[in-house]
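Engineer: Any chance you could fold what I've pasted below:
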Amino acid sequence: MTTQPPSMQPGAEAVPTCYRHPERETYVRCQRCDRPICPDCMRDAAVGFQCVECVRDGNKGVRQAKAVFGGAAVSVPRVTWTLLIINVVAYFGEIVLGGDFVSEFNTSPGAIEQGEWWRLLTGAFLHLRPTGTFAITHILFNMWALWAIGPELERRLGHVRFAALYLLSALGGSVAVFLFSIYPSVGASGAIYGLFGALFVVSRRLGYDARGVVWLIGINVVLTFLIPGISWQGHLGGLVVGVLVSAVFAYAPEKNRNTIQLAGALVILAVLVAAVVLGDPYALIAEIERRFG
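Structural biologist: Alright, predicted model coming up:
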């Protein structure tokens, strides 16, 4: 005796198929719209499963998490890790390519005056080549500081604002070298000192005890002037700019916060650019010579 399968018998209901993949049979339905969904279209819900479209529509009404001072919430400090990688790769580039590579991209006031503006940033990603103990500690200290405080600041500020803080601080240090030094320099120290300043501002803004940060900044400033060969111009220039940028980000009122933060960062950038365009290199040295020479 031959019998027909249930799906072929008269009056039997058709086997349900996924609404997005009609070739796939399924007996699971979306809890919101009741449409049949296959495993590839299932999304976990509080009860059962929902389809892709219902999950997307539901997320539209969910307020996205934000960083404390604006921007999307940060779970992984990608900017910090990216900056670390760039600095380390550049350091290996110095080892492989030698002194010519450093001479081409360091922060040289004379070369910047001749129009080689890229040195204002590229010099901030180079470090002393490994020719001695201090040369090794130069990059080690800067990368340790970036690793130690970068992720916390990035979580507070968000990816974009943290990147702006770092780069503007680096630029501030280079502009100070351009204006007040007669020697080329290298190093991320200007940017790192900018992060020190930002850590102080953010701590104060959030009501934390900032005395430890004050001690950190104070000790490093003293060492800047005690250890020979350190560019105090780059350190202090980065510190000042880092304080200014972080103050704009941290104290901008919540209403129109994004606009105020963007405008403040652009003003600081414009001032730094104007200082290079309108200022003279070795300005401080020339003034000292004029008064006391």
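Engineer: At which residues are the helices of the stretch 151-293 of the chain located?
Structural biologist: Remark: helices assigned in the stretch 151-293 of the chain by DSSP state H, counting those that start in this stretch are 159-180, 189-205, 211-226, 232-251, 257-278, 283-292.
Engineer: And for the stretch 1-150 of the chain?
Structural biologist: All helices of the stretch 1-150 of the chain, identified by DSSP H, counting those that start in this stretch, fall at 52-60, 78-97, 99-105, 109-113, 119-122, 133-157.
Engineer: so which of the ones you listed gets nearest His21?
Structural biologist: Across these, the minimum distance to His21, taken as C-beta to C-beta, is reached by helix 52-60, at 11.3 Å. Using the backbone N, CA and C atoms, a C-beta is placed for each residue, glycine as well.
Engineer: Tell me the spacing between Leu278 and Phe178.
Structural biologist: 12 Å (C-beta to C-beta, to the nearest Å).
Engineer: These two: who's more crowded?
Structural biologist: Legend: neighbour count by other C-beta atoms under 10 Å for Leu278 and Phe178, higher for Phe178 (30 against 7).
Engineer: what sits against the more buried one?
Structural biologist: Phe178 makes contact with 107, 109, 112-113, 120, 275-276, 279, 281, according to C-beta atoms under 8 Å, 6 or more residues apart in numbering.
Engineer: what sits against the residue nearest to it when sequence neighbours are not counted?
Structural biologist: Nearest in space to Phe178, with sequence neighbours left out and distances taken as C-beta to C-beta, 6 or more residues apart in numbering, is Pro109 at 4.8 Å. If you count contacts by C-beta under 8 Å, 6+ apart, Pro109 has them with 177-179, 181-184, 281-282.
Engineer: Of those - the most surrounded one?
Structural biologist: Busiest of these [other C-beta under 10 Å] is Val177, holding 33 neighbours.
Engineer: Point out where the chain drops to low pLDDT.
Structural biologist: Along the chain, segments meeting pLDDT under 70 span 1-13, 59-64, 131-135, 283-293.
Engineer: that older thread, tell me the spacing between the residue nearest to Phe178 and Trp117.
Structural biologist: Pro109 is 12 Å from Trp117, by C-beta to C-beta.
Engineer: For burial, what's the neighbour tally of Glu104?
Structural biologist: Glu104: 15 neighbours (other C-beta under 10 Å).
Engineer: what about stretch 111-120, how long is it end to end?
Structural biologist: Taking C-alpha to C-alpha, to the nearest Å, stretch 111-120 runs 10 Å from one end to the other.
Engineer: May I see the buried residues of it?
Structural biologist: Neighbour counts using 16 or more other C-beta atoms under 10 Å place 111-112, 117, 119-120 of stretch 111-120 among the buried residues.
Engineer: Redo these as a markdown table? Include distance to Tyr19.
Structural biologist: Output for the buried residues of stretch 111-120, formatted as a markdown table (distance: C-beta to C-beta, whole Å):
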| residue | distance to Tyr19 |
| --- | --- |
| Ala111 | 64 |
| Ile112 | 62 |
| Trp117 | 57 |
| Arg119 | 59 |
| Leu120 | 57 |
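Engineer: tell me the two of these that are most distant?
Structural biologist: The distance between the two most remote of the buried residues of stretch 111-120 (C-beta to C-beta) is 10.3 Å, for Ala111 and Leu120.
Engineer: Val214 contacts Phe200, doesn't it?
Structural biologist: Yes - in terms of C-beta atoms under 8 Å, Val214 counts as a neighbour of Phe200; the distance is 6.7 Å.
Engineer: where's Ser108 relative to Gln114, distance?
Structural biologist: Relative to Gln114, and taking C-beta to C-beta, Ser108 is found at 9 Å.
Engineer: Around Val15, how many other residues sit close by?
Structural biologist: Val15 has 11 neighbouring residues, counting by other C-beta under 10 Å.
Engineer: Which residue comes closest to it once chain neighbours are left out?
Structural biologist: Once flanking residues are discounted, Val15 sits nearest to Glu25: 5.1 Å by C-beta to C-beta, 6+ apart.
Engineer: Burial check on that neighbour, number of neighbours?
Structural biologist: By other C-beta under 10 Å, 12 other residues sit near Glu25.
Engineer: For it, list the residues it contacts.
Structural biologist: 15-17.
Engineer: Can you add distance to Val52 and give the residues you listed back as CSV?
Structural biologist: Formatted as CSV, these follow (distance: C-beta to C-beta, whole Å):
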residue, distance to Val52
Val15, 22
Pro16, 17
Thr17, 16
